[in-house]
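> sequence? don't have it. structure:
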């Protein structure tokens, strides 16, 4: 089987920053802060490197300054380094100009899954005949996609403690594990964080619970009245 050479799919986020502050003075041109809405949406981290496109001008006429990879420095800022002099020169020539930033952020597995679920909803809204026509023309071998995954380094002792505490029974519905794992002959249960790690939850035995697969999926996808735990801290 031929291995595809893949580039990660990206999301392009853009934001403009006027070169002149509200007080009429020109900005400093070395460090430029990424808006918090972008930082929070994609959980950007200092020291990560991203492709950034920088232009200076106005809506009708922009001068390209840089299109290269920049490492985020403390405070989620972009250091233009040698390009700062060029931006400063253009700003002095036209104080009404704007710096336009575009950052390419690799899509996470979570975003790809969210997009797929939206596509399923759209397909469910079609008639059977419309869906059949799409299936008849669809490729039978799906293309591969490269994604970026950021994971937590979980404490293995927490998982072991919770599984031992459960004694082979779901700690929510009380039923026995649905099967025994071939690898180690242990009952199969999944350890779930009541307040998810992504939402600031602690990786502790108090915040973790052993669930059968059905109850675990319900916590992530069930109706609000079916979910037993909060998902945010």
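Nice, I can see it. Remember, predicted model here, so these are calculated numbers, not experimental data.
> Distance check, residue 226 against residue 209.
15 Å (Cβ to Cβ, to the nearest Å). Glycine gets a C-beta too; all of them are placed from N, C-alpha and C.
> Between the two, tell me which one has more neighbours.
When neighbours are counted by other Cβ atoms under 10 Å, residue 226 and residue 209 differ, and residue 209 comes out ahead with 23 against 10.
> neighbours of residue 49, just the number please.
Residue 49: 9 neighbours (other Cβ under 10 Å).
> The one 5 residues further on now?
Taking other Cβ under 10 Å as the criterion, the count of residues near residue 54 is 23.
> The helix or strand hosting it: how far from the chain's middle?
According to DSSP states H and E, residue 54 maps onto strand 49-57. Centre-to-centre, strand 49-57 and its host chain are 21 Å apart (Cα atoms, centre = their mean, to the nearest Å).
> which secondary structure elements does the longest helix that the chain contains contact?
The helix that spans the most residues within the chain, counting by DSSP state H, is helix 109-124. The contact analysis (3 or more Cβ pairs under 8 Å, 6 or more residues apart in numbering; DSSP states H and E) places helix 109-124 against no helix or strand.
> Does anything pack onto the strand holding residue 54? Which helices or strands?
Contacts defined by 3+ Cβ pairs under 8 Å, 6+ apart place strand 49-57 against strand 62-73, helix 84-93, strand 98-106.
> Could you give me the buried positions within it?
Residues of strand 49-57 classed as buried: 50, 52-57 (neighbour count, 16 or more other Cβ atoms under 10 Å).
> Over to stretch 88-102?
Of the residues in stretch 88-102, 88, 90-91, 97-101 count as buried by neighbour count, 16+ other Cβ under 10 Å.
> In a markdown table, list these along with pLDDT.
Below are those laid out as a markdown table (pLDDT from 0 to 100):
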| residue | pLDDT |
| --- | --- |
| 88 | 93 |
| 90 | 94 |
| 91 | 93 |
| 97 | 95 |
| 98 | 96 |
| 99 | 96 |
| 100 | 96 |
| 101 | 96 |
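> and of the residues you listed, the nearest to residue 195?
Within the buried residues of stretch 88-102, the smallest distance to residue 195 is 34.0 Å, found for residue 101 (Cβ to Cβ).
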